[in-house]
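In: kindly generate the corresponding structure for this input.
(2 chains)
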Amino acid sequence: MSLVQGVVGQLERVVHASPQQQVLRGVAGSAAAGFPVLVGLAGGSSHPWGAALVVLLAVGLVLMPDSALPLAWMAAATLLWVASMPDAVDVSVLVAAADLIVVHVACTLAAYGPPELTVPAGLLRLWLARAALMLSSTLLLWLATRFFAALEVPASALVFSTGLCVVAVWALFLLPRLVTRDGDPDS
Amino acid sequence: MSSVEPLGSAGWRPTASLVRAALISTTLAAFAVGTGRPDLLILAVPFLVHTVAAVSSRPTRSPRVASRLAHSSVREGEGTTVKVALTGCEDVEHAAVSLAHGSYTSMRPASGVVGTSEVSPGEQINVSVDVASLRWGRRGVGEGVVAATDAWGARRWGPVRLLPGMLTTLPLPGAFDSRAPVPHPVGLVGTHPARRSGEGSEFAGIRRFQPGDRLRRVHWRVSLRTRDLHVTSTVAEEDSSVLLLVDSGVDIGVSEGIRGAASTLDVSVRAAGALAEHYLHEGDRVGLRVLGSTERNAVAVGSGGRHLRRVLDTLARITPGEHRDVAPDRMRFRVPAGAVVVVLSPMLSEHAVGATVGLARSGITVVVVDTLPAELTGGLVSAEALGGEPGDRRRTVAWRMRLLERDHLLARVTRVGVPVVAWQGPGTLDTVLRGLGRRLRSPRAAAR
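Out: Coordinates of the predicted model:
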């Protein structure tokens, strides 16, 4: 099957998807394609190829939200952020984080089942609360960052090493949980 | 009834969402620490929250799934429910069922995809999909897959394949009514006027009183005039036997279910159902033979409501195809004495014609109901109506040749005195049954 046939097949699936799925994919696609615009509005430097890649991957995640394309989009978007916005802790970081949350949650909800599935309203409300929790955590850290930035605390090798250790332990903790299966295997 | 089959190994697997959150959060955190950029840590936080929440509640057991049909048999156009029950759902947040689209079925919702997040008190999730059967027959219904997702959409169990349950769709009998008596009433009680006089309601004549006559039968006016007791005599009423012979050897035309076009076998089966329902309702005895490759192909002559169910059930099991091992003139149909054999056939096969001619030659009263739809007998039959591609001229030419052969076969049937009538619903058999009755009552030339 060629790439064109694959894309056409995925487009047909989107056309025959439930209205709720189409809305979810539309929200995810809009937020994903809007990320380069957001970076530009925040005063980031111009990276046309990077922005084009992000938009292309945004189209891909609309077609296949249950694949690795949303992950690829997030990697491209954060790389674009790193390249365009050197060390910015102003409100644009919060907006960018909110954009990533919208894409992530919309893709998660769209991947709950086949495109014809309508996710129950109760589950949508639950995910709205979860997104709010994610955003509020981000807001707390952003406020803390602003606070420490105002104090102008000097860089410390101890803090740096501790941070790296925490990340490494966290990665080691996560790895087995991502590659193994839980529950009874013989169900 | 458990009818599931895992697609590969079941168990909970991380979803793309959890993998994405874990990888993005870890990578961004590492970059943030490595490059000393707090903004990357801020971007990583929402994914870190998702990952921590997801990995802190790991599922401990897998659900068990069972599916069943609410009914094992329905009438054409009626529906049933595919019920899928997941037990042991303490770790399940959402379950989705997706049923495959089968032939001659429609589902509600039309996609056959239903999801729910309502867990009942017994840690059970019930998902139901309504399925309507649009054509008679036996077919598997409820094939599909079921999957479950745990909290935070982090892990997925399944998809597990749901095996289909067998649904018998009884044919919806077509409309039929007949006012004509069956030619050979031979039973004890029934509704058809017999050739002998006896207890009944139809007037036969006035005759002299005989010992045993009931007083209420005395015809006083004639008795006074003749000075001798006379009574009113009536024709006895008896039941009769009807043997339905359904030709399943060929199935011509497109079958679109109860609401669309009908093939020849559709017409035959629904007509047989209608005849069986009518005559059983009249108190007659009805039997069934299927002329073809159908495995269960006979129902002995019987009467009553439960017998109608047996007949319809056998009709539902009909599969198109010829039985090539048996010669048509050697077939034994075990026709009861005095029974009328109604052959329901498009008269397109040598088997059906051979059997009909053989029955007629053995002295049995046979009527052929032609079940070839009128739209297939005209001169301009489209290839689509024959189940072919549009503009397939070879198919239309072949069909015209087949119709010429059919004319020849029908001529063979009529030559042995078997009447052939097209199925038209109510009144289809009235004319031929009256004609057969007259023929049986009329004097016959005997060889000396």
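
In: hmm, who's touching the helix or strand where B:His408 lies?
Out: Following DSSP states H and E, one finds B:His408 within helix B:393-415. When contacts are defined by Cβ atoms under 8 Å, 6 or more residues apart in numbering or on different chains, helix B:393-415 is touched by residues B:346-348, B:350, B:353, B:356-357, B:360, B:368, B:370, B:372, B:376-377, B:379, B:381-383, B:386, B:388-389, B:420. (Each C-beta comes from the backbone N, C-alpha and C, glycine too.)

In: so which bits of the stretch 101-250 of chain B are right by chain A?
Out: Residues of the stretch 101-250 of chain B that fall close to chain A, judged by Cβ under 8 Å from any Cβ of the partner chain: B:109, B:111-118, B:147, B:149, B:152-153, B:155, B:157, B:160.

In: show me which of the contacts of helix B:393-415 are buried.
Out: B:346-348, B:353, B:356-357, B:360, B:368, B:370, B:372, B:376, B:381, B:383, B:386, B:388, B:420 (16 or more other Cβ atoms under 10 Å in any protein chain shown).

In: which one of the residues you listed is nearest chain A?
Out: B:Gly388 (26.8 Å; Cβ to the nearest Cβ).

In: element containing the closest one, please.
Out: Counting by DSSP H and E, B:Gly388 is part of no helix or strand.

In: about what we covered before: would you put the C-alpha positions of the helix holding B:His408 in CSV?
Out: Output in CSV follows, covering the C-alpha atoms of helix B:393-415 (Å, rounded to 0.1, in the frame of the first residue of the first chain):
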residue,chain,number,x,y,z
ARG,B,393,-23.9,-8.2,-21.7
ARG,B,394,-22.7,-11.8,-21.5
ARG,B,395,-24.7,-12.3,-18.4
THR,B,396,-27.9,-10.9,-19.9
VAL,B,397,-27.5,-13.0,-23.0
ALA,B,398,-26.8,-16.1,-20.9
TRP,B,399,-29.9,-15.3,-18.9
ARG,B,400,-32.1,-15.0,-22.0
MET,B,401,-30.8,-18.5,-23.1
ARG,B,402,-31.7,-19.8,-19.6
LEU,B,403,-35.2,-18.4,-19.9
LEU,B,404,-35.6,-20.3,-23.2
GLU,B,405,-34.5,-23.4,-21.4
ARG,B,406,-37.0,-22.6,-18.7
ASP,B,407,-39.8,-22.4,-21.2
HIS,B,408,-38.9,-25.9,-22.3
LEU,B,409,-38.8,-27.2,-18.7
LEU,B,410,-42.2,-25.6,-18.0
ALA,B,411,-43.7,-27.2,-21.1
ARG,B,412,-42.6,-30.6,-19.7
VAL,B,413,-44.4,-29.9,-16.5
THR,B,414,-47.6,-28.7,-18.1
ARG,B,415,-47.6,-31.7,-20.4
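
In: now do the buried residues in it.
Out: Here helix B:393-415 shows B:395-396, B:399, B:403, B:406, B:409-410, B:413 as buried, counting by 16+ other Cβ under 10 Å.

In: same question, stretch A:27-34
Out: A:27-29, A:31-34.

In: domain-wise, how is chain A divided?
Out: A:1-119, A:121-187 (automatic domain parsing).

In: with distance to B:Arg221 and mean pLDDT added, can I get these in CSV?
Out: Listed next are those as CSV, based on distance: least, Cβ to Cβ, whole Å; pLDDT from 0 to 100:
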stretch, distance to B:Arg221, mean pLDDT
domain A:1-119, 81, 89
domain A:121-187, 84, 74
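
In: skip ahead from whatever helix or strand A:Val82 lives in and say which helix or strand is next.
Out: Using DSSP H and E, A:Val82 maps to helix A:69-84. Where DSSP H and E defines the elements, the next helix or strand beyond helix A:69-84 is helix A:91-110.

In: need phi/psi at the residue of the stretch 101-250 of chain B at minimum distance from chain A.
Out: Relative to chain A, the nearest point of the stretch 101-250 of chain B is B:Ser111 (3.5 Å; Cβ to the nearest Cβ). Phi and psi for B:Ser111, reported as degrees, to the nearest 10, are phi -70, psi -20.

In: what do you get for the one 10 residues further on?
Out: With angles defined as degrees, to the nearest 10, B:Pro121 sits at phi -60, psi -30.

In: now swap in B:Gly77 and tell me
Out: Dihedral angles for B:Gly77 - degrees, to the nearest 10 - are phi 90, psi -20.

In: I figured it was touching B:Ser106, is that so?
Out: No: B:Gly77 is beyond contact range of B:Ser106, at 9.8 Å (criterion: Cβ atoms under 8 Å).

In: okay, and the common contacts of those two?
Out: With Cβ under 8 Å, 6+ apart, B:Gly77 and B:Ser106 have common neighbours B:132, B:134.

In: please identify the buried residues of the helix ranked longest in chain A?
Out: When chain A is parsed with DSSP state H, its longest helix is helix A:121-151. Across helix A:121-151, burial judged by 16+ other Cβ under 10 Å covers A:123, A:126-127, A:130-131, A:134-135, A:137-138, A:141-142, A:145.
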